[in-house]
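> Provide a 3D model corresponding to the input given below.
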Amino acid sequence: MRHMSDTGTQDLTVLAADAQAVIRAAEEAVQTGQPARFIAALQECDRILKALPEEQVIAETKAPDPADALSFERALLWFWRGRLLVMADKPEAIVQGLHSLDQSIARLRPAGAREGAQNALTLAFMNRGAGLFRLGARDALAEAVRSYDLAIESMELRAGVDANTLGAAWMNRGVGLMHLEQPNEPKESEVSRLTDATKSFERAVAVLEPLAPVHPAAQRNLAAAWANIGLLRTRLDDAKGAAEAHRLAVELFRPLAAAGGAAETFELAARLFNLGQACGALGETEAALTAGREAMTLAEAVKSDDPQVAELGLRARHAVCVALGAQIAASRAETNDPQRSARLSEAGDLVEDGLAALRPQGALPPVLAGASGRLYEFGAWLYRTQQPHFLGEFLLEHLGEDPVRAQIAAASVKAARQALVQRGFNETIHGDMDRVLDVLQDLGEVEKRLKERGIAVPV
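Residues are numbered from 1 along each chain as shown. I've put the predicted structure just below:
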């Protein structure tokens, strides 16, 4: 075994104190969530790690020697460096963070019963799993599941662990398994994997439920566990079970959103959107509409530049439109039904207002372009089938420069013309001949605009 460098005891004490100060600063930086403090804490971790004396190693293996006087401080510095980096947006930084966490784990494992070592080891595995999740690749997901397995093993072998952390580990393990698809996966393998994920979520619920009434973080994790159970049940074609799980997730999260800010409002909106989707699949249209309307209102109330926030608002708006469209299609057009008229009016307003709000933004990021395209497509269907005299005006007003919308407009013009021919010019649903000619003229204007952009309407 190599002798430690001859740094005096007093110097080691000072370095240890400096390391502890940097560790506390890193912890505070994570709690604040302020990028500037993240960067400063990361720089301080690097500075202290470089300032520490050369580390003792085991001669045979070159592994860190737990007898090193500053081994635990090194482990915690590597841990906080890793934790800060795996929270970054860039994959390169996340990879660096994973390396740092591995360095921390290598020093924490042999620390044994030292106070705080096992808890730090658990958190290192948890953060390692979170970083691997963020990389997204299948191999990374598989390794993330292994990290959560190790975190769970670390906790379940000792008493007095934080039940919220244990519940979160079980939940994240389930999330990893749920998304660990592989190309051409055999059915029996998929069923086995999803069954294992279900057991993980159920274990998370069992651990978190007793704690949730007095622990907001545990209640948040419990709500997330039920939300993931809902998504899993949807994949298993259990529509009723999915709706029940999403209702529980919404009920658990409501008080957290009421006491929180924009992030919690957005999360509640996401929970409500999932509930609406599950209710729609179950055929509970009114429940789907109620959840979808609230999800849309909440998402659009969040002030944020994050495209994901705007996307959720658009998706919720589209989901409400689809539910209304199903009700409209199921009703008879020739009856003077005030409910039908109200649904037509609401659906039209939802489409028009949603697309009009996007117009000042110009070119949209892909995630918003896709969601707005679906809303435009619904509007084209609504006017083509219910109010064809407004179709041309709608298509032109919201066409913009989006090539996806252009293709939707071309298909809508073709379908509308075919409908006029098939139903005949004298059919009362189209009104008199003048109205039919007006519709054809408006469609001709749309076709002219599309031709200017090099897009032909299919015959």
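> so where's the chain uncertain?
The model of the chain has pLDDT under 70 over residues 1-10, 113, 334-335, 423-434, 459.
> domain-wise, how is it divided?
1-161, 260-376, 387-459 (automatic domain parsing).
> now distance to Asn221 and mean neighbour count too, for these, in CSV please.
Heads up, the C-betas are built off the backbone N, CA and C, glycines and all. Shown next, in CSV, are the domains of the chain (distance: least, C-beta to C-beta, whole Å; neighbours: other C-beta atoms under 10 Å):
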stretch, distance to Asn221, mean neighbour count
domain 1-161, 12, 17
domain 260-376, 12, 18
domain 387-459, 38, 16
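> looking at these, spot the one closest to Asn228.
Minimum separation from Asn228 across these (C-beta to C-beta) falls at domain 260-376, 9.9 Å.
> now the domains of the chain in CSV, please, with extra columns for distance to Ile229.
CSV is the format used below for the domains of the chain (distance: least, C-beta to C-beta, whole Å):
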stretch, distance to Ile229
domain 1-161, 17
domain 260-376, 11
domain 387-459, 34
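> measure Leu231 to Leu248 for me?
Going from Leu231 to Leu248 by C-beta to C-beta, to the nearest Å gives 13 Å.
> how about the contacts made by Ala356?
Neighbouring residues of Ala356 by C-beta atoms under 8 Å, 6 or more residues apart in numbering: His398.
> where does it land in three-state SS?
helix (DSSP: H, G, I helix; E, B strand; the rest coil).
> C-alpha coordinates for the helix or strand harbouring Gly292, PDB please?
Counting by DSSP states H and E, the element that carries Gly292 is helix 285-301. What follows is helix 285-301, C-alpha atoms only, in PDB (Å, rounded to 0.1, in the frame of the first residue of the first chain):
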ATOM      1  CA  THR A 285     -67.200  11.500 -23.400                       C
ATOM      2  CA  GLU A 286     -68.500  14.000 -20.900                       C
ATOM      3  CA  ALA A 287     -65.700  13.100 -18.400                       C
ATOM      4  CA  ALA A 288     -63.200  13.300 -21.200                       C
ATOM      5  CA  LEU A 289     -64.500  16.800 -22.100                       C
ATOM      6  CA  THR A 290     -64.400  18.000 -18.500                       C
ATOM      7  CA  ALA A 291     -60.800  16.800 -18.000                       C
ATOM      8  CA  GLY A 292     -59.700  18.100 -21.400                       C
ATOM      9  CA  ARG A 293     -61.100  21.500 -20.900                       C
ATOM     10  CA  GLU A 294     -59.500  22.000 -17.500                       C
ATOM     11  CA  ALA A 295     -56.200  20.600 -18.900                       C
ATOM     12  CA  MET A 296     -56.300  23.100 -21.700                       C
ATOM     13  CA  THR A 297     -57.200  26.100 -19.400                       C
ATOM     14  CA  LEU A 298     -54.400  25.300 -17.000                       C
ATOM     15  CA  ALA A 299     -51.700  24.600 -19.600                       C
ATOM     16  CA  GLU A 300     -52.500  27.900 -21.400                       C
ATOM     17  CA  ALA A 301     -52.400  29.800 -18.200                       C
END
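> C-terminal to that helix, what's the next element?
helix 307-330.
> show me what that next one is packed up against.
Packing partners of helix 307-330 (3 or more C-beta pairs under 8 Å, 6 or more residues apart in numbering; DSSP states H and E): helix 262-282, helix 285-301, helix 338-358, helix 366-386.
> dump the ones you listed into a markdown table; add distance to Lys451 as well.
Formatted as a markdown table, those follow (distance: least, C-beta to C-beta, whole Å):
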| stretch | distance to Lys451 |
| --- | --- |
| helix 262-282 | 38 |
| helix 285-301 | 36 |
| helix 338-358 | 23 |
| helix 366-386 | 18 |
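> closest one to Gly116 among these?
For the helices and strands packed on helix 307-330, the distance to Gly116 is smallest for helix 262-282, at 29.9 Å, taking C-beta to C-beta.
> for the closest one, packing partners?
helix 216-235, helix 239-259, helix 285-301, helix 307-330.
> what angle sits between that helix and helix 307-330?
Put simply, helix 262-282 runs at 30 degrees to helix 307-330, going by axes from the mean of the first three to the mean of the last three C-alpha atoms, to 10 degrees.
> distance from the chain centre to helix 262-282, please.
12 Å (C-alpha atoms, centre = their mean, to the nearest Å).
> report the angle between that helix and helix 239-259.
160 degrees.
> that older thread, which among the domains of the chain is found nearest to Glu181?
Of those, nearest to Glu181 by C-beta to C-beta is domain 1-161, at 7.7 Å.
> I'd like the distance from the closest one to the chain centre, please.
Mean C-alpha position of domain 1-161 versus that of the full chain (C-alpha atoms, centre = their mean) differs by 28 Å.
> make 58 the first number, not 1, from now on.
New numbering, starting at 58: the last item is domain 58-218.
> now Asp75: closest residue in space, sequence neighbours ignored.
Ile105 (5.9 Å; C-beta to C-beta, 6 or more residues apart in numbering).
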